[in-house]
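Enquirer: Have a look at this prediction, sequence included:
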Amino acid sequence: MNELLNKEQVIQLIHKIRNKKVMLDSDLAEMYGVLTKALHQSV
């Protein structure tokens, strides 16, 4: 994803699991334009 996401697109990527708001690592990696593995290594 090279373009910026708008607020509604980001909200759609937020999931509720056990009453907590979470985002999937794969969605975050795509937002930042990196591989999921690279995101994990950075954390």
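Expert: Nice, thanks for sending it over. Numbers count the residues shown, from 1 in each chain.

Enquirer: So residue 39 sits against residue 28, correct?
Expert: Yes - using C-beta atoms under 8 Å, residue 39 is in contact with residue 28, at 6.1 Å. From N, CA and C alone the C-beta is placed, and that goes for glycine too.

Enquirer: so what's residue 12 up against?
Expert: Applying C-beta atoms under 8 Å, 6 or more residues apart in numbering to residue 12 gives no contacts.

Enquirer: Report pLDDT for it.
Expert: Note on residue 12: pLDDT of 94.

Enquirer: what's it sitting at in phi/psi?
Expert: Backbone torsions for residue 12, taken as degrees, to the nearest 10, come to phi -70, psi -20.

Enquirer: so which helix or strand takes in the residue nearest to the spatial centre of the chain?
Expert: Centroid-nearest residue in the chain, with C-alpha atoms, centre = their mean: residue 28, separated by 2.3 Å. Assigned by DSSP states H and E, residue 28 belongs to helix 25-32.

Enquirer: what packs against that helix?
Expert: If contacts are counted by 3 or more C-beta pairs under 8 Å, 6 or more residues apart in numbering; DSSP states H and E, helix 25-32 sits against helix 36-42.

Enquirer: which outside residues touch the helix it packs on?
Expert: The contact list for helix 36-42 (C-beta under 8 Å, 6+ apart) reads 25, 26, 28, 29, 32, 34.

Enquirer: give me every residue that touches the third one.
Expert: Counting by C-beta under 8 Å, 6+ apart, residue 28 makes contact with residue 39.

Enquirer: how about 10 Å then?
Expert: Residue 28 makes contact with 13, 34, 36, 39, 43, according to C-beta atoms under 10 Å, 6 or more residues apart in numbering.

Enquirer: show me what contacts the last one?
Expert: For residue 43, the set of contacting residues under the criterion of C-beta under 10 Å, 6+ apart consists of 25, 28.
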